[in-house]
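**Q** sequence first, then the predicted structure:
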Amino acid sequence: MRFKTPKYLIGLTAFGSFVGGVTLFKEVLGGSNFSGQERLDGKTVIVTGANTGIGKETAREMAKRGAKVILACRDMNKCAEARKDIAWDTQNKLVRCMKCDLASQDSIREFVQNFNAKEERLDILINNAGVMRCPKSFTQEGIELQLGTNHMGHFLLTNLLLSKIKDSAPSRIINLSSVAHMRGKINFSDLNSEKNYDEGEAYAQSKLANILFTRELSERLAGSGVTCNAVHPGLVLTEIGRHMGIDKSWMASLVLKPFLWLFLKTPRQGAQTTIYAALSSDLEGISGKYFSNQAEVSVAEAALDKEAAQRLWAISEHWTKFNT
């Protein structure tokens, strides 16, 4: 007697094959995982914006490799949940939450004061936190929010931590930028977007500022044993895109979200270039570079403007009251 396969079983098999194929396609499209075996036992890492998305996955990997990981976050409730998840997953008890609101220079200074009082070293600083294409708003000090958070906040944080980073050399600073810097312009005549505000232009300006800061800081750190590089994580599906408007329309959400899920990187995939820049032994002594998909890539011509970098640095010192 010949056995006939039930139609529902054929359907389930076909569906399973389809799901497997889609999952494999997404994995391939998202790029490879960092394969280095470097360990971080006895080292201390700070990751800003580590309660979700790329930052959380970066912090998870640092914890897996034995580091003491400081989750520098604005929302302490979300940070506590992230810490619990990371500590449980990695079996690393050295994961800590510390409040740091990059839109408040007072909060940044308090964070650094507390960190310096408790910690003896800082081996890796990962400036991951950011905001994107938000409605016109300002930091506590009145700086346009995207420039104030993405650049000015990390500028102040990094400089206040610099002596500890130098004392821990060889050490690394990683700044998350974006391919959006390619269309960015540092508008010195309206740097704070007071005359005109376009959320996309303001975001691109802040990401270009990340590159200029990286290159200028790298030069200033020459010979110190501290390297500073920037990364583009790729197009990643995270909460940073919450101002893009997709969720405001149920139709757009229904049509676009499956498409975005398929073609955008997951936070884990998006974290791989950051992890590469922070850990890879191949990058020892390499500084002032920009990486994407775990490889060095070229920056926009505007990012090579040394005069603009120095001018932005001077303005950043003034607006953050650094060295005053």
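**A** Cool, the structure landed.
**Q** ok, which stretches of the protein are strands?
**A** Assigned by DSSP state E, the strands in the chain fall at 44-48, 68-73, 95-99, 124-127, 171-176, 226-232, 290-292, 295-296.
**Q** mind putting these into JSON lines with distance to Ile86, mean pLDDT and mean neighbour count?
**A** C-beta: built from backbone N, CA, C; applies to glycine. Below are the strands of the chain laid out as JSON lines (distance: least, Cβ to Cβ, whole Å; pLDDT from 0 to 100; neighbours: other Cβ atoms under 10 Å):
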{"stretch": "strand 44-48", "distance to Ile86": "10", "mean pLDDT": "98", "mean neighbour count": "28"}
{"stretch": "strand 68-73", "distance to Ile86": "7", "mean pLDDT": "98", "mean neighbour count": "28"}
{"stretch": "strand 95-99", "distance to Ile86": "5", "mean pLDDT": "98", "mean neighbour count": "19"}
{"stretch": "strand 124-127", "distance to Ile86": "14", "mean pLDDT": "98", "mean neighbour count": "28"}
{"stretch": "strand 171-176", "distance to Ile86": "18", "mean pLDDT": "98", "mean neighbour count": "26"}
{"stretch": "strand 226-232", "distance to Ile86": "21", "mean pLDDT": "98", "mean neighbour count": "25"}
{"stretch": "strand 290-292", "distance to Ile86": "24", "mean pLDDT": "97", "mean neighbour count": "21"}
{"stretch": "strand 295-296", "distance to Ile86": "27", "mean pLDDT": "98", "mean neighbour count": "10"}
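**Q** with distance to Tyr197 added, can I get those strands in a markdown table?
**A** Shown next, in a markdown table, are those (distance: least, Cβ to Cβ, whole Å):
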| stretch | distance to Tyr197 |
| --- | --- |
| strand 44-48 | 25 |
| strand 68-73 | 27 |
| strand 95-99 | 29 |
| strand 124-127 | 24 |
| strand 171-176 | 23 |
| strand 226-232 | 24 |
| strand 290-292 | 27 |
| strand 295-296 | 34 |
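**Q** so which of those gets nearest Glu199?
**A** When the strands of the chain are compared by Cβ to Cβ, strand 171-176 sits nearest Glu199, at 18.5 Å.
**Q** that closest one pairs with which strands, and in what direction?
**A** Strand 171-176 sits in its sheet next to strand 124-127 (parallel), strand 226-232 (parallel), going by DSSP bridges.
**Q** how far out from the middle of the chain is it?
**A** A distance of 10 Å separates the centroid of the chain from that of strand 171-176, by Cα atoms, centre = their mean, to the nearest Å.
**Q** just the angle for it relative to strand 44-48, thanks.
**A** Computed by axes from the mean of the first three to the mean of the last three Cα atoms, to 10 degrees, the angle separating strand 171-176 from strand 44-48 equals 10 degrees.
**Q** closest to the centroid, which residue in the chain?
**A** Asn128 (2.6 Å; Cα atoms, centre = their mean).
**Q** need the phi and psi values for it.
**A** Per-residue torsions, Asn128: phi -100, psi -30 (degrees, to the nearest 10).
**Q** neighbours around the residue nearest to it when sequence neighbours are not counted, how many?
**A** Nearest residue to Asn128, sequence neighbours excluded (Cβ to Cβ, 6 or more residues apart in numbering): Gly55, at 4.2 Å. Gly55 is flanked by 29 other residues according to other Cβ atoms under 10 Å.
**Q** show me what contacts Gly55?
**A** By Cβ atoms under 8 Å, 6 or more residues apart in numbering, Gly55 lies in contact with Val47, Thr48, Gly49, Ile126, Asn128, Ala129.
**Q** over to Ala222?
**A** Ala222 is in contact with Ser287, counting by Cβ under 8 Å, 6+ apart.
**Q** still on that earlier bit, save the contacts of Gly55 as TSV, and put in distance to Gly184 too.
**A** Below are the contacts of Gly55 laid out as TSV (distance: Cβ to Cβ, whole Å):
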residue	distance to Gly184
Val47	24
Thr48	21
Gly49	20
Ile126	21
Asn128	19
Ala129	19
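**Q** ok, those vs Arg215, which is closest?
**A** Scanning the contacts of Gly55 for proximity to Arg215, where the rule is Cβ to Cβ, the winner is Ile126, at 17.8 Å.
**Q** isn't that closest one up against Thr44?
**A** No - Ile126 is beyond contact range of Thr44, at 11.7 Å (criterion: Cβ atoms under 8 Å).
**Q** for this structure, what are the low-confidence residue spans?
**A** Applying pLDDT under 70 to the chain picks out residues 1-31, 236-263, 324.
**Q** what are the ranges of the helices in it?
**A** Using DSSP state H, the helices of the chain run over 7-30, 53-64, 76-90, 105-118, 145-146, 154-167, 199-220, 250-263, 267-270, 272-279, 306-320.
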